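1. okay, predicted coordinates and the sequence, questions at the end:
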Amino acid sequence: MKIHLQRVRREPFRFAETLEVSAELLERDEVVALGPVSWSGKVVWADPGYYLTGRLEYEQTLSCDRCLEPITERRRSDVEVLLLVDEPRPMDGEHELSEEDLGILHLDDEVFDTWALVVEQLQLDVPMKPVCRPDCKGLCPVCGTDRNAGDCGCDTRTVDPRWAALEKLRPEN
């Protein structure tokens, strides 16, 4: 959605829309699917810029990092950002962000497309290592059996190769 910010100076702009975002667009392997994304909020004039508050509501399906089972959960994410319209400035190398910069978006003109902000917020809402439950046992590294369903009986002991020769000296029982 494109918001013409010059109109917001006169009165606040409220919006609500439903977006279809593909899981591939998030570039995260653990995201299997995304349901329709409900995106609503408002933009108000807040000198020296515009203040956007919004809410994303959607359903995401992730792959468990340990056992690869799908995890489907309903998500809600609140967004607050200050939009500042600046003169385009040349970027000369790297620029260190301070904590104050994290809630600010610098725009080149007074037309703001919310698509990039929505995709960024969806990416940030994906956990680093999603797990289906805290005590998930994962997959057996030998045969690939789901350890949550039961023990497969595989020997998963690993011997440090530097000590492997000493294993031969151990008496057999």
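-> Here it is on my side, so go on. Numbers count the residues shown, from 1 in each chain.
2. can you show me the helices along the protein?
-> Under the criterion DSSP state H, the chain contains helices at 115-124, 164-167.
3. give the rounded mean pLDDT of the last one.
-> Taken as a whole, helix 164-167 carries a mean pLDDT of 80.
4. dump the C-alpha coordinates for that helix into PDB.
-> Output of helix 164-167 as PDB, limited to C-alpha atoms (Å, rounded to 0.1, in the frame of the first residue of the first chain):
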ATOM      1  CA  ALA A 164      39.800 -43.900  19.600                       C
ATOM      2  CA  ALA A 165      43.000 -46.000  19.800                       C
ATOM      3  CA  LEU A 166      42.500 -46.300  23.600                       C
ATOM      4  CA  GLU A 167      39.200 -48.000  23.000                       C
END
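5. so how far is that helix from its chain's centroid?
-> Here helix 164-167 is found 45 Å from its chain centre; the criterion is C-alpha atoms, centre = their mean, to the nearest Å.
6. so what touches it?
-> Helix 164-167 is touched from outside by Val159, with contacts defined as C-beta atoms under 8 Å, 6 or more residues apart in numbering. Glycine gets a C-beta too; all of them are placed from N, C-alpha and C.
7. name the residues of that helix that are buried.
-> Within helix 164-167, no residue counts as buried by 16 or more other C-beta atoms under 10 Å.
8. domains of the chain: list them as residue ranges, please.
-> 2-124, 137-173 (automatic domain parsing).
9. quick one: the longest one to chain centroid distance?
-> Centroid displacement of domain 2-124 relative to its chain, using C-alpha atoms, centre = their mean, is 11 Å.
10. same thing with stretch 106-125?
-> 14 Å.
11. ends of that stretch, how far apart?
-> End-to-end distance for stretch 106-125: 22 Å, by C-alpha to C-alpha, to the nearest Å.
12. and Gln6, which of the helices of the chain is closest to it?
-> Counting by C-beta to C-beta, Gln6 lies closest to helix 115-124 out of those; the figure is 19.0 Å.
13. mind listing what Gln6 touches?
-> Applying C-beta under 8 Å, 6+ apart to Gln6 gives the contacts Glu110.
14. now do 10 Å
-> Trp45, Tyr50, Val85, Asp109, Glu110, Val111 (C-beta atoms under 10 Å, 6 or more residues apart in numbering).
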